[in-house]
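J.: output the structure for:
(2 chains)
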There are 2 protein chains.
Amino acid sequence: MTGRNSGATRRTPAENAQLALLLEVAGTPKPGNVDRRRDLEDLRFEHFLAGTVGAGKGLRRAEHGARVGIAFERAVAGMSRQSGGNTQFGCLLLLVPLVSAAARGDLTPDGLDRVVADTTVEDAVSFYRAFEHVDVAVRDPPAEMDDLDVRRGEAAAPTLRERGLTLSDVLALSTGDAAGGGMEEEARGETDGEPGAETEAGTRGIPDWNAVDWTTGFERPFAVAASIRDDTGPIGDRTARAFLEVLADRPDTLVATSHGPAVARDVSERAADVRGDLEAADALADALVEEGINPGTTADTVAAGLFVALERGLSV
Amino acid sequence: MTGRNSGATRRTPAENAQLALLLEVAGTPKPGNVDRRRDLEDLRFEHFLAGTVGAGKGLRRAEHGARVGIAFERAVAGMSRQSGGNTQFGCLLLLVPLVSAAARGDLTPDGLDRVVADTTVEDAVSFYRAFEHVDVAVRDPPAEMDDLDVRRGEAAAPTLRERGLTLSDVLALSTGDAAGGGMEEEARGETDGEPGAETEAGTRGIPDWNAVDWTTGFERPFAVAASIRDDTGPIGDRTARAFLEVLADRPDTLVATSHGPAVARDVSERAADVRGDLEAADALADALVEEGINPGTTADTVAAGLFVALERGLSV
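T.: Sure thing, here's the model as predicted:
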């Protein structure tokens, strides 16, 4: 039975962002990630539930017009109030500007470009401050960017202000050699016989896809939203299929950071082999959990896609 | 890894209420209910996720001092914004006064008695209005209370005002013969050989346990909170064990409404047989889903217990 007044009011953008976080973690199978049926050793389903609840206040600030950096830092602070560590830092980095655009009635790639272009140096300072709330897996920046290492947190503020770097600038600087650490491993020979690495456009590493989304009008999340809406069946299955598509196309940034680009590319090939086949994906999910490989950046993209799908009428 | 500042700020009562709703539905196995591993035919996990998000605004109103009836009606309106129908009406009927008491720094049985005693006729009118947002399974009231049938919604307002009935009065009137409908089935012979029915104190039917909690200082939710905190292991397992304990002790009100008190008592006996044994409970869960038996009122009590446990320091 349907709530008699269920159509009377719509969910707000902040509510849809929280629901997107919950639908993302509930989607199963999502190889290597926590899902409705799987926990990791120290990162469990309930940590994502608590992270979602905690992020609400920051997401509502974005909806009410707060600066993107401030809303993001508040959302991360709330998200971090659980014992699992970093559950949704990357999801929130995508969801906060999406909520801001939706609240402006401007949830389009051009609208996101406008939100990104409007970010200031203070947004960048807040972004760095967010890293003080929770341990986020990051790799060493290039030597010339050492004083902008996000692990410096608020200590990077003087440099940001001196160089006049906005949050948009910071993320543009982050898109590139995202697998520097991984490439050192690569140099140590882990990629013997690995296909494609030589010919990959730009860096031989794996990009920071969240930063790429920031600099490309969130093109991929909008595409994910369309595929989820065009798909049929339970939302948890649609989420899993979208996850496999993204993972197959984009070697995961977090996997590259933790295990090197060769492993990240191998995981994408394994995802490509099972895309569209949730039964085969279920076996891959068990395997990646066993191997300790966690494609967390792919989940960020899917959560952002779920948000756009909900804003555009995906029915729950 | 733990969020570095995870202890810096505490979740608010409204946030703990939302987290309690999520932890409750995620607990597994919860025989007959939607849980992390099971959906019912038309009532799925994602409906509970959306219901939880939608209830947030009403729960925050309670936290900020709104009247219990008004906050409850808003929470139900938001909860109903999903296509599964009634997911958490009963949970919210318990959580809203608990949030009010916690926000007053008075989360004790005496504190709850004070919250209940403070309810007004207008709270009762709001309570009736809440039934207009979503279809709730209720049984026919005694003939002399026909004009107070909750299904009348706001149309009952003149009677409530004329009789000066507060929300506390309304719930006190609801504790009793909660299985009237069920007893008719009983009269049709469904209880042949049923033990205990004759000797049960008061009505031969099953009480409305949520109304009972309202009139007894929420004694049982406080007891459930203590058992969850004293228990060990993953929160999902503790939730499942608490669910079995409550179901074994209290023949479920919703089951009595839908299938009669004989079935409700039988389900409690089956729960008693597997209490403490989650593997056996898993089989019972599959069986009850198959039989279409949904002990939803038991889940309300457990959600309320999870809230109290979180307020008292249960770590997630």
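
J.: residues from the stretch 201-316 of chain A in reach of chain B?
T.: Residues of the stretch 201-316 of chain A found near chain B (Cβ under 8 Å from any Cβ of the partner chain) are A:234-236, A:315-316. Every C-beta, even on glycine, is put in place using the N, C-alpha and C of the backbone.

J.: cool, the stretch 51-200 of chain A as well?
T.: So far as Cβ under 8 Å from any Cβ goes, the stretch 51-200 of chain A lies against chain B at A:52-54, A:56, A:77-86, A:132-135.

J.: and the residues of the stretch 201-316 of chain A next to chain B, which is closest to residue A:35?
T.: residue A:236 (8.4 Å; Cβ to Cβ).

J.: what sits up against the helix or strand the closest one falls within?
T.: Assigned by DSSP states H and E, residue A:236 belongs to helix A:235-249. Residues outside helix A:235-249 that contact it (Cβ atoms under 8 Å, 6 or more residues apart in numbering or on different chains) are A:23-24, A:26-31, A:33, A:35-36, A:220, A:224, A:227-228, A:231-232, A:267-269, A:271-272, A:274-276, A:278, A:281, A:295, A:298-299, A:301-302, A:305-306, A:314, A:316, B:45-46.

J.: that helix: how far from the chain's middle?
T.: 14 Å (Cα atoms, centre = their mean, to the nearest Å).

J.: how about stretch A:138-156?
T.: Counting by Cα atoms, centre = their mean, stretch A:138-156 comes out at 20 Å from the chain centroid.

J.: now do the end-to-end distance for it.
T.: End-to-end distance for stretch A:138-156, by Cα to Cα, to the nearest Å: 16 Å.

J.: model confidence over stretch A:282-292, on average?
T.: The average pLDDT within stretch A:282-292 is 96.

J.: for that stretch, buried residues please.
T.: A:282, A:284-285, A:288-289 (16 or more other Cβ atoms under 10 Å in any protein chain shown).

J.: list the contacts of the nearest residue to residue A:244 once chain neighbours are set aside.
T.: Leaving aside its sequence neighbours, residue A:244 sits nearest to residue A:275 (Cβ to Cβ, 6 or more residues apart in numbering or on different chains; 4.4 Å). Contact analysis of residue A:275 by Cβ under 8 Å, 6+ apart lists A:241, A:244-245, A:248, A:281.

J.: ok, now with 7 Å
T.: Residue A:275 sits next to A:244-245, A:248 when contact means Cβ atoms under 7 Å, 6 or more residues apart in numbering or on different chains.

J.: so which of those comes closest to chain B?
T.: Checking the contacts of residue A:275 against chain B with Cβ to the nearest Cβ, the nearest one is residue A:244 at 19.2 Å.

J.: just the helices from the stretch 1-150 of chain A, written as ranges.
T.: With DSSP state H, counting those that start in this stretch applied, the stretch 1-150 of chain A shows helices at A:13-26, A:45-63, A:68-79, A:89-103, A:109-117, A:121-130, listed in chain order.

J.: could these be laid out in CSV, adding mean pLDDT, distance to residue A:142 and mean neighbour count?
T.: Below are those laid out as CSV (pLDDT from 0 to 100; distance: least, Cβ to Cβ, whole Å; neighbours: other Cβ atoms under 10 Å in any protein chain shown):
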stretch, mean pLDDT, distance to residue A:142, mean neighbour count
helix A:13-26, 98, 32, 27
helix A:45-63, 98, 30, 26
helix A:68-79, 98, 23, 26
helix A:89-103, 98, 21, 28
helix A:109-117, 98, 23, 18
helix A:121-130, 98, 17, 22
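
J.: nearest to residue A:252, of those helices?
T.: When the helices of the stretch 1-150 of chain A are compared (using Cβ to Cβ), the closest one is helix A:89-103, at 10.7 Å.

J.: residue ranges with poor pLDDT in the stretch 151-300 of chain A?
T.: Flagging of the stretch 151-300 of chain A using pLDDT under 70 yields the residue ranges A:177-204.

J.: how about a cut-off of 90?
T.: A:175-205, A:276 (pLDDT under 90).

J.: how many other residues sit next to whichever residue of it sits closest to chain B?
T.: Closest contact between the stretch 151-300 of chain A and chain B, by Cβ to the nearest Cβ, is at residue A:235 (5.3 Å). The number of residues packed near residue A:235 is 23, by other Cβ atoms under 10 Å in any protein chain shown.

J.: that one and residue A:20, how far apart?
T.: 11 Å (Cβ to Cβ, to the nearest Å).

J.: got the contact list for residue A:168?
T.: Counting by Cβ under 7 Å, 6+ apart, residue A:168 touches A:116-117, A:119.

J.: need the residues you listed in CSV with distance to residue A:41, can you?
T.: Converted to CSV, these look like this (distance: Cβ to Cβ, whole Å):
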residue, distance to residue A:41
A:116, 36
A:117, 41
A:119, 36
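
J.: closest one of the residues you listed to chain B?
T.: residue A:119 (23.6 Å).

J.: what packs against the helix or strand immediately after the helix holding residue A:236 in the chain?
T.: Next along the chain after helix A:235-249, taking DSSP H and E as the criterion, comes helix A:253-259. For helix A:253-259, the elements it packs on are helix A:180-185, helix A:261-274, helix A:296-311, judged by 3 or more Cβ pairs under 7 Å, 6 or more residues apart in numbering or on different chains; DSSP states H and E.

J.: and the residue of the stretch 201-316 of chain A closest to chain B?
T.: residue A:316 (4.5 Å).

J.: what's the closest non-adjacent residue to that residue?
T.: residue B:50 (4.5 Å).

J.: hang on, isn't the one you found packed against residue B:80?
T.: No: the pair residue B:50 / residue B:80 is not scored as a contact, 9.8 Å apart, by Cβ atoms under 7 Å.

J.: so what's the residue count around the closest residue to residue A:120 other than its chain neighbours?
T.: Spatial nearest neighbour of residue A:120, chain neighbours left out: residue A:166 (5.4 Å); criterion: Cβ to Cβ, 6+ apart. Using other Cβ under 10 Å, residue A:166 has 20 neighbouring residues.
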